[in-house]
Each structure stands twice: as structure tokens, then as C-alpha cells.
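Trainee: the sequence isn't on hand, but the structure is:
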């Protein structure tokens, strides 16, 4: 919500002002409060000595750092300090917003939770706090499933910024099929073979027969009559 900054000034020789500090992009409401404004007061707002706003006791705008705000009151009142009366100036302190960039590690195998997001905070003032859309409060995330994760970053000045990262996974789970099987030709022989082809997941593939070493080829020769298990690794 907009913040309020009051400029107090008087149609006499006593003036005072309240300063204001805020976050970039925040609308600030300024209110002039004269002691004697007369019957037909006219307010002339200035930012850095340039006329802004409308003839009203209140003015709103989004300041930038070191903006100097004043208001000049023209009144029917007679005062020792003269007419028009100028308020003291308010110099705005505007803090920059934090932001973030992310480096994403995608899920290696469909349906697993091996994704990660590495967040780097830019700008703002340390220390920072974090609130992710999955309720995590750490800077970085690990053990993620596929999905989009948003984070709100709050800095030491309570200014906030956002960042996000999308973790992807293979579209289809790794699978395989037997493309060729040659049975043993004679009893007790060892001239059987099997060829297996991987599919989906993430190519290239490697193959292991009964837990043995992986090889690039999906063909295994010199097999005796038996049952075998081929493990495919993408």
C-alpha cells in the first residue's frame, strides 16, 4: 500500500518536516498540513524544483532516490515569513529492490526428484530471506521434481523481489525392447545371442547383462541356454 509522508509547514516563521524512506517503485502520498491556510489556499507541489501534481493539499507519486519534495502555499493569510509560504524540503531515500537469477539442474530420469535450483541474489541489501512456492525458505533448492518454482526475496530494508526456475524432465521414461534373439543351436552349446535397443529417456544408451559391465552395444553373444536380464542405462 502507498506510504504517507507529511510535510508540515506554517504561515508563520516555524517550519518542520518528516523524512521518508521506502522501496523503489512504491507510490508515496504526501500531505501538507499548514497551521493557517486561509480561506482560499493554493498548493504548488515541486519535485527537484519542478512543478508536479495538482492544486491540492495531498500529492502522490513514485519517487526515486534523492528526490527533493517541497510544496508552496499561497494563502489569504498574512504571515511574518511571507506569502506564499514554502515548506521545508523532504529528501527521499529510496532503496533498490533485490532480484535473482537461477541456474537449474533438470531431473535426470522421468518421475524422479533429482532437480535443483541455484539462486543468485542481485541488488538490495543483505541479509536476505527467501520464501519459495513449495514453502522452502533456503536460498537454493535440491531434490526437486519437475515443475516451476517461484521465490520471493526480502532484503534487510524489507524490500522484495522475485525470481523463478523451471525444472524439466525427460518427456517419456526410459524403456527398451528385444530386437533380435538367437537361441542355442545344439544342446549344451553357447552360440545364443540377444540384442536389446533402448528407447525414450535420454540417449545415448549403455547395456549391462546380468549386472556385468556396461557396454555401448546392445548385443550379447556366446550365450548358453538360460534366462538373462539386460539393464539399460541412458
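Mentor: Thanks, I have the structure now. The model shown is predicted, which means the values in this text are computed figures rather than measured ones.

Trainee: what does the host helix or strand of residue 197 rub up against?
Mentor: Remark: residue 197 resides in strand 192-199, with elements defined by DSSP states H and E. Outside strand 192-199, the residues that touch it by Cβ atoms under 8 Å, 6 or more residues apart in numbering are 174-184, 205, 207, 218-225, 228, 230, 232, 234. The C-beta positions use only the backbone N, C-alpha and C, and glycine is treated the same way.

Trainee: next up, the contacts around the residue nearest to residue 233 when sequence neighbours are not counted.
Mentor: Spatial nearest neighbour of residue 233, chain neighbours left out: residue 206 (4.7 Å); criterion: Cβ to Cβ, 6 or more residues apart in numbering. The contact partners of residue 206, by Cβ under 8 Å, 6+ apart, come to 214-216, 232-233.

Trainee: backbone phi and psi for the nearest residue to residue 23 once chain neighbours are set aside, please?
Mentor: Spatial nearest neighbour of residue 23, excluding adjacent residues (Cβ to Cβ, 6+ apart): residue 159 at 3.7 Å. The phi/psi pair for residue 159 (degrees, to the nearest 10) reads phi -80, psi 150.

Trainee: hey, which helix or strand in this structure has the poorest pLDDT?
Mentor: Every helix and strand in the chain was compared by mean pLDDT, DSSP states H and E; the lowest is strand 16-17, with a mean of 36.

Trainee: which of the contacts of strand 192-199 are buried?
Mentor: With burial judged by 16 or more other Cβ atoms under 10 Å, the buried subset of the contacts of strand 192-199 is 174, 176, 205, 207, 218, 220, 223, 230, 232, 234.

Trainee: in JSON lines, list those residues along with secondary structure.
Mentor: Formatted as JSON lines, the buried ones among the contacts of strand 192-199 follow (DSSP: H, G, I helix; E, B strand; the rest coil):
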{"residue": "174", "secondary structure": "coil"}
{"residue": "176", "secondary structure": "strand"}
{"residue": "205", "secondary structure": "coil"}
{"residue": "207", "secondary structure": "strand"}
{"residue": "218", "secondary structure": "coil"}
{"residue": "220", "secondary structure": "strand"}
{"residue": "223", "secondary structure": "strand"}
{"residue": "230", "secondary structure": "strand"}
{"residue": "232", "secondary structure": "strand"}
{"residue": "234", "secondary structure": "coil"}
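
Trainee: as JSON lines, those residues with pLDDT and distance to residue 135 would be great.
Mentor: Converted to JSON lines, these look like this (pLDDT from 0 to 100; distance: Cβ to Cβ, whole Å):
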{"residue": "174", "pLDDT": "94", "distance to residue 135": "31"}
{"residue": "176", "pLDDT": "95", "distance to residue 135": "38"}
{"residue": "205", "pLDDT": "97", "distance to residue 135": "38"}
{"residue": "207", "pLDDT": "98", "distance to residue 135": "42"}
{"residue": "218", "pLDDT": "97", "distance to residue 135": "44"}
{"residue": "220", "pLDDT": "98", "distance to residue 135": "48"}
{"residue": "223", "pLDDT": "97", "distance to residue 135": "53"}
{"residue": "230", "pLDDT": "97", "distance to residue 135": "42"}
{"residue": "232", "pLDDT": "97", "distance to residue 135": "37"}
{"residue": "234", "pLDDT": "93", "distance to residue 135": "32"}
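
Trainee: which single one of these is nearest to residue 94?
Mentor: Nearest to residue 94 among the buried ones among the contacts of strand 192-199 is residue 234, at 51.9 Å by Cβ to Cβ.
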